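Asks: Just to be clear, the model below is a prediction. Sequence and coordinates:
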Amino acid sequence: MAALLAIGGLAAIPLILLALRSLAQAWYWPALSPPAWSVRAWRYIFSGAADVLPALGASSVIALTVTLLAVAVALPAARVLAWQEFRGKHAALFALLAPALTPPLAATMGAHALFLRYGLTDTTLGVVLIHLISAVPYATLMLTGSFSRLDPDYEAQARTLGARAFDVWLRVTFPAIAPGLAVAASFAFLISWSQYLTTLLIGGGRILTLPLILVGFQRGGDEAIAAALSLVFLAPAAIVAFSVARFLKEGK
Amino acid sequence: MKLRIPMKPAARRWLMLSPALGVIGVLFVGGLALAAAQSFGYFAPTGENAFTLRHYAALSDDREVYASLWLTLKLATLATVISAICALALALGLREFARRSRAVNMLLQIPLSVPHLAMAGALITVIAPSGLLARAAYVIGLIRQPADFPALINDRYGAGILLAYVLKETPFIALMTLALLARLGDEYEQAARVLGASAWQRFRHVTLPLVAPAVVSSSLIVFAFIFGAFETPFILGRPYPAMLSVVAQQRYLDVNLAARPGAIALAVISALLTAALAWAYLRLTRAFIGLERPFIL
């Protein structure tokens, strides 16, 4: 019971706090509750004055692109890693795992030099590419887990029964890996969505995504706006994670 | 499957692996290689292009680097250990509920999906010198003004950072542990109970060893993540001492371009340390469960 309260609190309290802070007006020391409420912060965010709406758009476009690319790249790799044993498999697995655990900072700094040479800095494409470093490993690992729970014989059976390759994919493989695919896609999305430092380094401050704007307000001092923006920032992330969790038929 | 061209299995397999490995190869390995090259003196922004160890030598003489390394190690270890213990308690406490309802899983996902920046922001509201905790202390009469409240953010010990990571990583480790517990069932503990083992004995000799793979391997992931993370210490920490990634970033963005190779050297060291951890993680999970794939799957 205590454990339930703990996670309930852990889940709800940050959200409630942010909501309160974003709607509170003149909530100065030492008041424990706000003396007045106001939607000033919210109105400001969605007005044209802040850079919020363009940043929201940029974050979305980048995250969706990263998701598509990461999944596209991960699918064939995951098939091989899950179903086949071969020389070099451990090396391949390590090659894919290391970027997932390693902080992207060093690689980003190095890639920065590379991108400078090819004109990819300060571009959306550059930012998408740099996010892939973190997204592809996770997507591949998730999908490998998915494929490893699917027996390759199902596909073989379908083909001996005369189904064409595309139908096999659509009717046999895809439904079986759909949950894992959803998890992999949501991971890739969330990873890209929350990137700050990599976007800052490669985007050069020209590509403005939501985290960059948020940090600006957090350090700038208008706490109500920062709180409202935090909620805008975490809403899609929470929605994506939540819907995936519901979509999954079994635990994990 | 998608190609009609007949080819040898080995060729097809590497062809299918090549997009993923290509992305990693060019961007990650290539990026790291270029970073390493720059840290060793090549392609310097100042124009020089020759091997040198002086950037690394400079790091070894740098008090800020040692302070940062020490702080990072301390915080990462402490946060990981505390999170692991809390997560274990949480997972064991939630075990029954998790069996009956999916809500537990979904509840745990929420703090997981809250981005670190947002969590840091929410935390500031509570633990800042003029935050809610301080105001509560004022109302009770413990303190008189914000400055009397102990510094929990932008402080020497990184208390706020520690708290933020514990709050974010405990659900993660708990989720991994619960997944393992669900797969294991409780037959072993039942058997132990039938054989007369006490609750503590069951926990110490049956449950603990059984969940150890999940707890340990996810703790390694958490440690590696915290070690190299940037956002939370950036928002909640102070400029000195700062965690490794923050110091590296500060120096990289320094107006003086000559500082850049030193920043990169620092980042390379950080990357190497965590790559070593990744390797340890792979070996550990193989040893523990004898599986050929990482536990996270």
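Replies: Alright, I've got the coordinates.

Asks: how about the nearest residue to the residue positioned nearest the centre of chain B, chain neighbours excluded?
Replies: Nearest to the mean C-alpha position of chain B, counting by CA atoms, centre = their mean, stands B:F225 at 2.2 Å. Excluding the flanking residues, the one nearest B:F225 by CB to CB, 6 or more residues apart in numbering or on different chains is A:L101, at 7.3 Å. (Glycine included, C-beta is placed from N, CA and C.)

Asks: mind checking pLDDT for that neighbour?
Replies: On pLDDT, A:L101 comes in at 77.

Asks: Run a quick neighbour tally on it.
Replies: By other CB atoms under 10 Å in any protein chain shown, the residues close to A:L101 number 22.

Asks: Dihedrals phi and psi, it?
Replies: Per-residue torsions, A:L101: phi -90, psi -30 (degrees, to the nearest 10).

Asks: Would you mind listing the buried residues in stretch A:142-151?
Replies: A:M142, A:L143, A:T144, A:G145, A:S146, A:F147, A:S148, A:L150 (16 or more other CB atoms under 10 Å in any protein chain shown).

Asks: pLDDT on that stretch, on average?
Replies: 84.

Asks: With stretch B:267-280 instead?
Replies: pLDDT averaged over stretch B:267-280 gives 83.

Asks: which parts of that stretch are buried?
Replies: Buried residues in stretch B:267-280 (16+ other CB under 10 Å): B:A267, B:V268, B:I269, B:S270, B:A271, B:L273, B:T274, B:A275, B:L277, B:A278.

Asks: In strands, which of these appear?
Replies: Among the buried residues of stretch B:267-280, no member falls in strands (criterion: DSSP state E).

Asks: Inside helices: which ones of these?
Replies: Among the buried residues of stretch B:267-280, the members found in helices (DSSP state H) are B:A267, B:V268, B:I269, B:S270, B:A271, B:L273, B:T274, B:A275, B:L277, B:A278.

Asks: circling back to that earlier point, now do the same for the residue nearest to the centre of chain B: its pLDDT.
Replies: At B:F225, the pLDDT value in this model is 89.

Asks: For it, pull up the helix or strand it's in.
Replies: Using DSSP states H and E, B:F225 sits in helix B:208-228.

Asks: same deal with A:S59?
Replies: helix A:52-83.

Asks: elements contacting that helix?
Replies: With contacts taken as 3 or more CB pairs under 8 Å, 6 or more residues apart in numbering or on different chains; DSSP states H and E, helix A:52-83 sits against helix A:40-46, helix A:89-101, helix A:124-148, helix A:174-193, helix A:210-220, helix A:223-247, helix B:9-23.

Asks: next one: that helix to chain centre, how far?
Replies: 9 Å (CA atoms, centre = their mean, to the nearest Å).

Asks: If I take that helix and helix A:210-220, what angle do their directions form?
Replies: 130 degrees (axes from the mean of the first three to the mean of the last three CA atoms, to 10 degrees).

Asks: how close does the residue in the stretch 101-250 of chain A that chain B sits nearest to sit to B:H55?
Replies: Of all residues in the stretch 101-250 of chain A, A:P103 sits closest to chain B, at 2.5 Å by CB to the nearest CB. When CB to CB, to the nearest Å is applied, the distance between A:P103 and B:H55 equals 19 Å.

Asks: Thanks again, I'm all set now.
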